[in-house]
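In: sequence below, structure please.
(2 chains)
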Protein chains: 2
Amino acid sequence: MINVKAIAYVQSPFKEKFGIPRQAGLTPSVPAILIFEKEYSDLDAFRELEGFSHIWVTFYFHKFNYDHFQSVVRPPRLGGNEKIGVFATRSPNRPNALGLSKVKIQKIEKSGNKVHLHVFGLDALDGTPILDIRPFIEEDSEHSASFGWTKRQIKNECYDVSFSQDALLEIEASNIPNLKNQIIEVLRLDPSPQYKETPSESFGMNFYHFNIKWIKTAHNIHVTQLEIR
Amino acid sequence: MINVKAIAYVQSPFKEKFGIPRQAGLTPSVPAILIFEKEYSDLDAFRELEGFSHIWVTFYFHKFNYDHFQSVVRPPRLGGNEKIGVFATRSPNRPNALGLSKVKIQKIEKSGNKVHLHVFGLDALDGTPILDIRPFIEEDSEHSASFGWTKRQIKNECYDVSFSQDALLEIEASNIPNLKNQIIEVLRLDPSPQYKETPSESFGMNFYHFNIKWIKTAHNIHVTQLEIR
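Out: Residues are numbered from 1 along each chain as shown, chains lettered A, B, ... in the order given. The predicted model follows:
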């Protein structure tokens, strides 16, 4: 057994697993804050980090209940029907529930006795423990790589997202910067289960202090309401 | 505390820390094998992994002795004199001694009851515990990123590497595929301490079952001998 520890915790608008995009970067308007433990909140430890636009965040899927090793998973981007080896995916269902996401740095600041690292595009639940951050360097890109099954992605990822008049008023009243775009980015990916094919169905997800309600039809996702939780 | 476990162990020609390149991919001819624990050696768990050219390997710096949090480190590629915040580097000297390397897949096969994943370019010591592997996907590249201090790299990274007649005969007798290129890739990066500036000095490093001996001058690294350990 190897022991690791949380160096920071995530403050994120994603308050439940449902609705979190299947990878980082798909929701570039969605902000998150990595709040570092006091022990690591020396600004010197972040010296020159602001010269990088992106970082890798290694985190722990703390709400993931792992009971036994499953060798195959059904990736959502293949529609949830095809089985792929777990090591050929980034599913949380793996021997060590470690996540790895590339996110964009917004700013670094000290607030009280804790360093707050503000980022965009993190696909992690509120309260997620962070194990490491490291800069994204030039050599991390790979221009002649091959990407296997991810290239036969079958899921339609371009839902149109529309809003009711009520929902628009609730967004405006919220005073959360860019909330409408954030919701569009999350919902256009269609977080609902992929194996279902019902003509029209209602869903809801917790996001910030809202339960966002929507109706999904064949090509459209219509946000009806932002209910305060 | 969060517990993680080794899912595999590395078999690598790097038998000591000295000489390991400062990041993956700099020694593309150097092979390594990730030998998976029996529990995870179901070939189904690797199904479709061979469609990817590269994977990310998350490992544990098991020989790194961490005693207290140092907020700054002196990266070798800045010549070892400049202090950078530890979170703006990939130094092993960090709160959780986690490494992350992108490596090239050579092949996947089952040998006895263990899966052997053969890779190229891994910058890890023999015996390193592996915590996770995951595919390198298209979205991992980032074309408009900025790379901070890594762009003011001052270290000359292009040493010429030459060999004595004895060394060439020892390489030939070794029967290790591509050993000469492997040695060139390791030594051209000049693994010797950067803060020293002695006109000509002798070094040795353990690589496979050899202690490789060389003499370093201003622009050249001359391999004199491959001593069997």
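In: ok and the longest strand along chain A relative to strand B:98-111, angle-wise?
Out: Ranked by number of residues, the top strand in chain A under DSSP state E is strand A:98-111. In terms of direction (axes from the mean of the first three to the mean of the last three C-alpha atoms, to 10 degrees), strand A:98-111 departs from strand B:98-111 by 180 degrees.
In: which residues touch the helix or strand following strand A:98-111?
Out: Counting by DSSP states H and E, the element after strand A:98-111 in chain order, helix or strand, is strand A:114-120. Here strand A:114-120 makes contact (C-beta atoms under 8 Å, 6 or more residues apart in numbering or on different chains) with A:8, A:28-38, A:40-43, A:45-46, A:55, A:57, A:103-110, A:133. Where you see a C-beta, it was placed from the backbone N, CA and C, and this is true even at glycine.
In: okay, and for chain A, where does confidence drop off?
Out: Scanning chain A for pLDDT under 70 picks out A:153-157, A:195-199.
In: quick one, domains of it?
Out: In the assignment given by automatic domain parsing, the structural domains of chain A cover A:8-62+A:97-137, A:160-228.
In: helices of chain A, start to end?
Out: A:165-174, A:179-187 (DSSP state H).
In: now the shortest one - C-alpha only, PDB.
Out: Taking Å, rounded to 0.1, in the frame of the first residue of the first chain, the C-alpha atoms of helix A:179-187 are listed here in PDB:
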ATOM      1  CA  LEU A 179     -23.800  31.100 -16.200                       C
ATOM      2  CA  LYS A 180     -25.800  30.700 -19.400                       C
ATOM      3  CA  ASN A 181     -22.700  29.600 -21.300                       C
ATOM      4  CA  GLN A 182     -21.700  27.300 -18.600                       C
ATOM      5  CA  ILE A 183     -25.100  25.600 -18.700                       C
ATOM      6  CA  ILE A 184     -24.900  25.300 -22.500                       C
ATOM      7  CA  GLU A 185     -21.500  23.700 -22.400                       C
ATOM      8  CA  VAL A 186     -22.600  21.100 -19.800                       C
ATOM      9  CA  LEU A 187     -26.000  20.300 -21.500                       C
END
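In: between helix A:165-174 and that helix, find me the angle.
Out: 120 degrees.
In: list the residues that contact the nearest residue to A:Lys180 once chain neighbours are set aside.
Out: Nearest non-adjacent residue to A:Lys180, counting by C-beta to C-beta, 6 or more residues apart in numbering or on different chains: A:Ile171, 5.2 Å away. Residues in contact with A:Ile171 (C-beta under 8 Å, 6+ apart) are A:Phe163, A:Leu179, A:Lys180, A:Ile183, A:Leu226.
In: at 10 Å what do you get?
Out: A:Ile171 is in contact with A:Phe163, A:Asn178, A:Leu179, A:Lys180, A:Asn181, A:Gln182, A:Ile183, A:Phe210, A:Ile212, A:Val223, A:Leu226, counting by C-beta atoms under 10 Å, 6 or more residues apart in numbering or on different chains.
In: contacts only, for the second one.
Out: A:Asn178 makes contacts with A:Ser29, A:Val30, A:Pro31, A:Phe120, A:Ile171, A:Ile184, A:Glu185, as judged by C-beta under 10 Å, 6+ apart.
In: hang on, the earlier thing: so which of the contacts of A:Ile171 is the most crowded?
Out: Within the contacts of A:Ile171, most neighbours by other C-beta atoms under 10 Å in any protein chain shown means A:Ile183, with 29 neighbours.
In: re earlier: just the buried residues out of the contacts of strand A:114-120, in ChimeraX syntax.
Out: Per 16 or more other C-beta atoms under 10 Å in any protein chain shown, the buried members of the contacts of strand A:114-120 correspond to this ChimeraX selection:
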select /A:8,29,30,31,32,33,34,35,36,37,40,41,42,45,46,55,57,103,104,105,108,133
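In: isn't A:Tyr40 right up against A:Tyr9?
Out: No: under the criterion of C-beta atoms under 10 Å, A:Tyr40 makes no contact with A:Tyr9, lying 11.6 Å away.
In: now do the shared contacts for the two.
Out: What both A:Tyr40 and A:Tyr9 touch, as defined by C-beta under 10 Å, 6+ apart, is the set A:Lys114, A:Ile130.
In: which one of the contacts of A:Ile171 is nearest to A:Asn65?
Out: A:Ile212 (24.9 Å; C-beta to C-beta).
In: isn't the closest one right up against A:Ser202?
Out: No: here A:Ile212 does not reach A:Ser202: they are 11.4 Å apart, not a contact under C-beta under 10 Å.
In: common neighbours of these two, please.
Out: In contact with both A:Ile212 and A:Ser202: A:Thr224, using C-beta under 10 Å, 6+ apart.
In: what about A:Asn81, distance to B:Ile2?
Out: 33 Å (C-beta to C-beta, to the nearest Å).
In: residue ranges of the strands in chain A, please?
Out: A:2-4, A:8-11, A:31-36, A:54-60, A:72-73, A:84-85, A:98-111, A:114-120, A:129-135, A:160-163, A:201-207, A:210-216, A:220-228.
In: now those strands in CSV, with distance to B:Leu189?
Out: Below are these laid out as CSV (distance: least, C-beta to C-beta, whole Å):
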stretch, distance to B:Leu189
strand A:2-4, 29
strand A:8-11, 33
strand A:31-36, 33
strand A:54-60, 23
strand A:72-73, 38
strand A:84-85, 34
strand A:98-111, 26
strand A:114-120, 31
strand A:129-135, 20
strand A:160-163, 50
strand A:201-207, 47
strand A:210-216, 52
strand A:220-228, 51
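In: B:Pro193 is nearest to which of those?
Out: Nearest of these to B:Pro193, taken as C-beta to C-beta: strand A:129-135 at 23.5 Å.
In: angle of that closest one against strand B:98-111?
Out: Using the same axes, to 10 degrees: strand A:129-135 against strand B:98-111 is 100 degrees.
In: which other helices and strands does strand A:129-135 contact?
Out: Here strand A:129-135 touches strand A:2-4, strand A:8-11, strand A:31-36, strand A:54-60, strand A:98-111, strand A:114-120, strand B:2-4, strand B:98-111, going by 3 or more C-beta pairs under 10 Å, 6 or more residues apart in numbering or on different chains; DSSP states H and E.
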